[in-house]
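1. The following comprises the amino acid sequence and a computationally predicted model.
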Amino acid sequence: MSIQRCCPPKRVIKADYSEDAALFQALADENRLAIVASLAQADGEICVCDFTDCLPLNQPTVSHHLRILRESGLVTSERRGTWVYYSLAPDAKRRLQQSLRAIFEGDE
């Protein structure tokens, strides 16, 4: 049984947004957004100890958020002795801009 339409049909996008969704899912937390914003505006890398000191989270939770961002490819890390230093991935800004463009402007 078909439902009666209320208006003429509109075009619905049928693209594969799975990669875009994974990026947005990695950002879907206020603390992870704060981490990415800090890294995007930093002049160089940021030590994990700075995130632990500045975010209202305990160390294991900060590490959890950083792991999610690292696994999504948005941040990179380098261990130096006891500490780990984080940077925004070189292509993170381009990937996010590309995802937003695909959603709001469509693939061109």
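-> Arrived safely, thanks for sending.
2. do you know how far the most centrally placed residue in the chain is from Gly44?
-> Centroid-nearest residue in the chain, with CA atoms, centre = their mean: Leu27, separated by 3.7 Å. Distance, Leu27 to Gly44, by CB to CB, to the nearest Å: 22 Å. Placement of C-beta: from N, CA and C, glycine included.
3. Pro56 now?
-> Taking CB to CB, one finds Pro56 at 24 Å from Gly44.
4. quick one on the thing from earlier: can you pull the contacts of the residue nearest to the centre of the chain?
-> Leu33, Val36, Leu74 (CB atoms under 8 Å, 6 or more residues apart in numbering).
5. and the first one, what pLDDT?
-> Read it as Leu33. Note for Leu33: predicted pLDDT of 97.
6. swap in Glu108?
-> Note on Glu108: pLDDT of 45.
7. Now do the strands in the protein.
-> Under the criterion DSSP state E, the chain contains strands at 46-47, 75-80, 83-88.
8. Below-threshold pLDDT in the protein: ranges please.
-> Residue ranges of the chain with pLDDT under 70: 1, 107-108.
9. Let me see the ranges of the helices in it.
-> With helices called from DSSP state H, the chain shows them at 18-27, 30-41, 48-54, 59-71, 92-104.
10. Let's have those in CSV, adding distance to Arg5.
-> As requested, the helices of the chain are exported to CSV (distance: least, CB to CB, whole Å):
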stretch, distance to Arg5
helix 18-27, 29
helix 30-41, 40
helix 48-54, 52
helix 59-71, 42
helix 92-104, 26
